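Novice: attaching a predicted model along with its sequence, questions to come.
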2 protein chains.
Amino acid sequence: MDITRTLAKFVVDHQPAGISQTVCHEAARSFLNWVGCAVGASRHETVENALAALSPFSGPPQATVLGRADRLDVMHAALMNGITSHTFDFDDTHLRTVIHPSGPVASAILALAEREPVSGEAFLHAFILGVEVECRIGNSVYPEHYDVGWHITGTAGVFGAAAAAGKLLGLDEQQMTWALGIAATQASGLREMFGTMCKPFHPGNAARNGVLAALLAQRNFTSSNHGIEAKRGFAHVLSTRFDPAEITTRLGQTWEIAANTYKPFACGIVIHPIIDACIQLRNDHGLLPADVVSIEARVHPLVLELTGKKTPQVGLEGKFSVYHSAAVALIHGAAGEAEYSDDAVRDAQVIAIRDRVTATLDPAMHEDQTRVTVRLKDGRVLEKFVEHAIGSLDRPMSDAALEAKFRGLVEGILSTHEADRLIGLCWDIGTLTDAGEVARASVPR
Amino acid sequence: MDITRTLAKFVVDHQPAGISQTVCHEAARSFLNWVGCAVGASRHETVENALAALSPFSGPPQATVLGRADRLDVMHAALMNGITSHTFDFDDTHLRTVIHPSGPVASAILALAEREPVSGEAFLHAFILGVEVECRIGNSVYPEHYDVGWHITGTAGVFGAAAAAGKLLGLDEQQMTWALGIAATQASGLREMFGTMCKPFHPGNAARNGVLAALLAQRNFTSSNHGIEAKRGFAHVLSTRFDPAEITTRLGQTWEIAANTYKPFACGIVIHPIIDACIQLRNDHGLLPADVVSIEARVHPLVLELTGKKTPQVGLEGKFSVYHSAAVALIHGAAGEAEYSDDAVRDAQVIAIRDRVTATLDPAMHEDQTRVTVRLKDGRVLEKFVEHAIGSLDRPMSDAALEAKFRGLVEGILSTHEADRLIGLCWDIGTLTDAGEVARASVPR
């Protein structure tokens, strides 16, 4: 079984014409969302610490750290952008594998595209192919691979980054096979790191090491030809399940990026139906916080297991509190980074509403469902049932909602004009003369 | 169980005075052997390809690629020296875990020591501590971890590199705990890569990523405090066996580097007893190739399983041929890199003797034993039984033999005078004012 070589050959041979406009548009949506997340977190302590540590070792200023004046060599820029784009945990999700696909791939190739200009068409094509490689490899080993403790965005991401970077570098079939092998032997990232700065480090590291793999392979640095499927290769060493058909079946006929999703809310996906319900109730009925007596949500058991924090003290804890989340949704009609700041969780009005929220397990609810009941001082009882939360595959965010999310993320970093221009470039990514323009346009004056 | 923190605290608190002269001398032997291997392979295609690929991305010329004029940033230099030192597979071996301990650790800290000068005492101390961390972590998961397919020199090596680099950087206990966590989440390297350039890439990558871990931790880039022992940490995700006592018991009272070994011959360890026997027969009896009718070796079953190649065509295949190995040992009294060149395996005299070698399985032989019988034209029958091959823990190479090996490795790269000076600096490493002097002295004029 030549799984690695089959995948390599597919990436090398594939032409942009083989991808529909619909798929290209979904890729542009993924890219826009990724840029917004990266710029939005570009002042976060996580990337400040990483820059302080590593800038003295950077090579030539080849590529932009999105949203910042810093320019680093390609691999360091890829690392930093992978870190920032996942810092808020607000980037895209391939729901079947819980891979966050854009981080490793886009970080790798946007940095590379600033070294030697690349057309937007070639860039978007490489991006789609990289996500395809990453998610198919993920599909072949999920969920056992994830369950044992691997952060799949890191382990599968390095393959996607290598494939996409290798495509831009014009690797031949043998070199691409080696690149995937060099990626395989760097696959890493442990779920134990969740909750620390190492979580966003994983997609950054995957991007950095994927570029490294492609660069080495381009110079005929050899690896195994069976890095994925061999007995002592990636799949068997890092997973108890391996279904190679997930990698090779209908290659080029289906596209994993078409199944990509975007979070409307800056917290774990299990709370999204409740937030969605609260926002709808607020907007449909013009609710004011002062009117509310109680908010009762019937929820899937995972909600309380993962987000049962009653009295969060800092912003990050707020993300693990269904109570805080329902409160900000009802008060502000939003649950972005601003609603999960330290100030937000300490706000007296938020605390007052939060303490009126109850969440009750209901085994009849599936993960994407909830039923929220709000009782008002005037005696009215309002109810909202959510079948699929906004942002799910069944109720995707609209382009306008993605733009609004982007604006919320970059507020305070880019001017309105700069944000408008950057949004435009992201939508147009597939037709730009020079894809690197996006990176440079992300830097505020 | 605070395994990671216990180890971190040990490394942070330990003082050089706690290490005996004997242990320091073994560390100097390891270091000398490592420098020789790195300089010896400094012109190899593997590192030439890596340099061609990565030099354009290097940061400031902070550190030396041993044996070369190239100077790269610390992390790239660490990568390259880790690669060269393992390219010939001639570096040191911690037999209990088959870790090659020096590569990841020495590559990391010698590069770091060129950025900001470090005393030889501090350098040797960090080296010993790094090897201790690496080998104890290896002990805690071996052999299951290796058996499933991990190249333990890569996976355990990154911890050793991080610990040693962190010691030189003066990390505090919390930072060292994070550094080990950042190392844990980068642990990688697959045995599937054996026989390709990715095998020596593994210790290089471990060195590079270990330095990265220490640098990030120094700037308070956080990771888990339980990177090694947590349910979804290194040991449980990458191994089915984990014995934490191997990490914490008698810390500072025993030293793994004292159990380090060095290969006298540039091939897999299973052939070493046969080569040893042939060289002894040759030297004891003044044998000439023309006198020899046949060479018969009684060997452990693994010898034929791993090295049964009868007619090697290129140098690398010669390393997997007990026949070729016995022939060069008998003809040249040596089995270094020169005896495994392409020319050597095609030499008519070598082929003539090689074809007179037979190897017979003998279940009574343990892995370190052999009985070799040579029949001569004058009718004499000579026999040599080897109980433990030279280079084993029971019959270690002498300091003089290590020096001779070093000279053989650097021949054609360094002048005799340059080699003499470099050997002297390696022996004196523990008392140098500036450990980086060794790196600079490895560069030929």
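Specialist: Sure, I can see it.
Novice: quick one, what contacts the residue in the stretch 1-150 of chain A positioned nearest to chain B?
Specialist: Relative to chain B, the nearest point of the stretch 1-150 of chain A is A:G149 (3.5 Å; Cβ to the nearest Cβ). Just so you know, the C-beta spots here come from the backbone N, C-alpha and C atoms, and that holds for glycine as well. By Cβ atoms under 8 Å, 6 or more residues apart in numbering or on different chains, A:G149 lies in contact with A:L190, A:R191, A:E192, B:K231, B:R232, B:G233, B:H236, B:V237.
Novice: quick one: residues contacting the third one.
Specialist: Meaning A:E192. Counting by Cβ under 8 Å, 6+ apart, A:E192 makes contact with A:G149, B:G181, B:A184, B:T185, B:S224, B:H226, B:G227, B:A230, B:K231, B:R232, B:G233, B:V237.
Novice: ok, A:H285 touching A:K384?
Specialist: No - counting by Cβ atoms under 8 Å, A:H285 sits too far from A:K384 to count as a contact (9.7 Å).
Novice: the more surrounded of those two?
Specialist: The neighbour count for A:H285 versus A:K384, taken as other Cβ atoms under 10 Å in any protein chain shown, is higher for A:K384 (21 against 14).
Novice: count of residues packed around A:I182?
Specialist: A:I182: 31 neighbours (other Cβ under 10 Å).
Novice: which non-adjacent residue is nearest it?
Specialist: Leaving aside its sequence neighbours, A:I182 sits nearest to A:A213 (Cβ to Cβ, 6 or more residues apart in numbering or on different chains; 3.7 Å).
Novice: the one you found and A:D2, how far apart?
Specialist: Distance from A:A213 to A:D2, counting by Cβ to Cβ, to the nearest Å: 19 Å.
Novice: isn't the residue nearest to A:I182 right next to A:A187, touching?
Specialist: No - at 10.4 Å, A:A213 and A:A187 do not qualify as touching, with contact defined as Cβ under 8 Å.
Novice: pull up the overlap in contacts between the two.
Specialist: Here A:A213 and A:A187 share the contacting residues A:V158, scored by Cβ under 8 Å, 6+ apart.
Novice: comparing these two, which residue is more hemmed in?
Specialist: Higher neighbour count among A:A213 and A:A187: A:A213, with 33 against 28, using other Cβ under 10 Å.
Novice: host element of that one?
Specialist: Taking DSSP states H and E as the definition, A:A213 sits inside helix A:198-218.
Novice: and the contacts of the helix or strand following that helix?
Specialist: Per DSSP H and E, the first helix or strand lying C-terminal to helix A:198-218 is helix A:234-238. Residues from elsewhere that reach helix A:234-238 (Cβ under 8 Å, 6+ apart): A:137, A:140-141, A:145, A:148, A:150, A:155, A:184, A:187, A:227-230, A:242, A:244, B:148-150, B:190, B:192.
Novice: how near is the residue nearest to A:I182 to A:A162?
Specialist: Separation of A:A213 from A:A162 (Cβ to Cβ): 4 Å.
Novice: any shared contact partners between those two?
Specialist: Joint contacts of A:A213 and A:A162 (Cβ under 8 Å, 6+ apart) are A:A179, A:L180, A:I182, A:A183.
Novice: will you turn those into a markdown table that also has secondary structure and pLDDT?
Specialist: Conversion of these to a markdown table gives the following (DSSP: H, G, I helix; E, B strand; the rest coil; pLDDT from 0 to 100):
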| residue | secondary structure | pLDDT |
| --- | --- | --- |
| A:A179 | helix | 99 |
| A:L180 | helix | 98 |
| A:I182 | helix | 98 |
| A:A183 | helix | 99 |
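Novice: dump the residue contacts of A:V141.
Specialist: Residues near A:V141 by Cβ under 8 Å, 6+ apart: A:A156, A:A235, A:L238, A:S239, A:R241, A:F242.
Novice: enumerate every residue touching the last one.
Specialist: Taking Cβ under 8 Å, 6+ apart as the definition of contact, the neighbours of A:F242 are A:S140, A:V141, A:E229, A:A235, A:H236.
Novice: who wins for most neighbours among the residues you listed?
Specialist: A:V141 (27 neighbours).
Novice: any idea how far A:G318 lies from A:A327?
Specialist: Taken as Cβ to Cβ, the span from A:G318 to A:A327 is 9 Å.
Novice: hmm, back to that, what's the farthest-apart pair in the contacts of A:V141?
Specialist: Across the contacts of A:V141, the longest distance by Cβ to Cβ is 13.6 Å; it joins A:A156 and A:R241.
Novice: so for the two, which sits in the more crowded spot?
Specialist: Of the pair A:A156 and A:R241, A:A156 is the one with more neighbours under other Cβ under 10 Å, namely 34 against 15.
Novice: ok, now which ones touch the more buried one?
Specialist: For A:A156, the contact set (Cβ under 8 Å, 6+ apart) comprises A:T97, A:I99, A:E134, A:C135, A:I137, A:G138, A:V141, A:A187.
Novice: any idea of the pLDDT on it?
Specialist: We have a pLDDT of 98 for A:A156.
Novice: one more: A:H388?
Specialist: Note on A:H388: pLDDT of 96.
Novice: and A:R375, how many residues sit next to it?
Specialist: Counted with other Cβ under 10 Å, A:R375 comes out at 16.
Novice: bridging residues for it?
Specialist: Beta-bridge pairing of A:R375 under DSSP bridges involves A:S294, A:V381.
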